[in-house]
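Trainee: Next come a sequence and a model predicted from it.
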Amino acid sequence: QVQLVESGGGLVQAGDSLRLTCTTSGRAYNGAAMGWFRQAPGKEREFVAGMSGGGSLTDYATSVKGRFTISRESSYNTILYLQMNDLKPEDTAVYYCAGRQGTLIETQTQKYAYWGQGTQVTVSS
């Protein structure tokens, strides 16, 4: 049973930082690409950041580039992080961790087979 569990969300003020954590179980994600997505109320789920299977490549949405950093600890059960700095009210959303069966970063939700339940991030102005 593949499981992804996010944590670290919360209510913060504009300019603050948060670190999201995604713990995996059920399979080794060392060789699989993983990503973070978010969904704001009334909007489509969107790509935020991704990391390739080997961890050498990353990609970010334009809106978060320079503020967010994706990283991972690779052991039998991979842990994925999203460091979010200089948060803005427009970053308010439910953030999801996702894993896929390939090694390449993808920005489309349908390319990811495994999803966590999400963690709420709320940024007040």
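Mentor: Looks like it arrived, so ask away.

Trainee: what number of residues lie near the closest residue to L82 other than its chain neighbours?
Mentor: In space, and not counting its chain neighbours, L82 is closest to L20: 4.2 Å by Cβ to Cβ, 6 or more residues apart in numbering. Every residue, glycine included, has its C-beta placed from N, CA and C. By other Cβ atoms under 10 Å, 25 other residues sit near L20.

Trainee: May I have the predicted confidence score for L20?
Mentor: We have a pLDDT of 98 for L20.

Trainee: so who does it touch?
Mentor: E6, S7, G8, G9, W36, Y81, L82, M84, Y95, C97, T119, V121 (Cβ atoms under 8 Å, 6 or more residues apart in numbering).

Trainee: redo that, cut-off 7 Å
Mentor: Contacts of L20 were listed using Cβ atoms under 7 Å, 6 or more residues apart in numbering, and they are E6, G8, G9, Y81, L82, M84, Y95, T119.

Trainee: Tell me the spacing between the nearest residue to the second one once chain neighbours are set aside and A32.
Mentor: Right, G8. Distances taken as Cβ to Cβ, 6+ apart put L20 closest to G8, at 4.2 Å, once the chain neighbours are dropped. To A32, L20 is 18 Å away according to Cβ to Cβ, to the nearest Å.

Trainee: Could you list everything the most centrally placed residue in the chain pairs with in the sheet?
Mentor: Closest residue to the average C-alpha location of the chain: W36 at 2.1 Å, with Cα atoms, centre = their mean. Beta-bridge pairing of W36 under DSSP bridges involves A49, C97.
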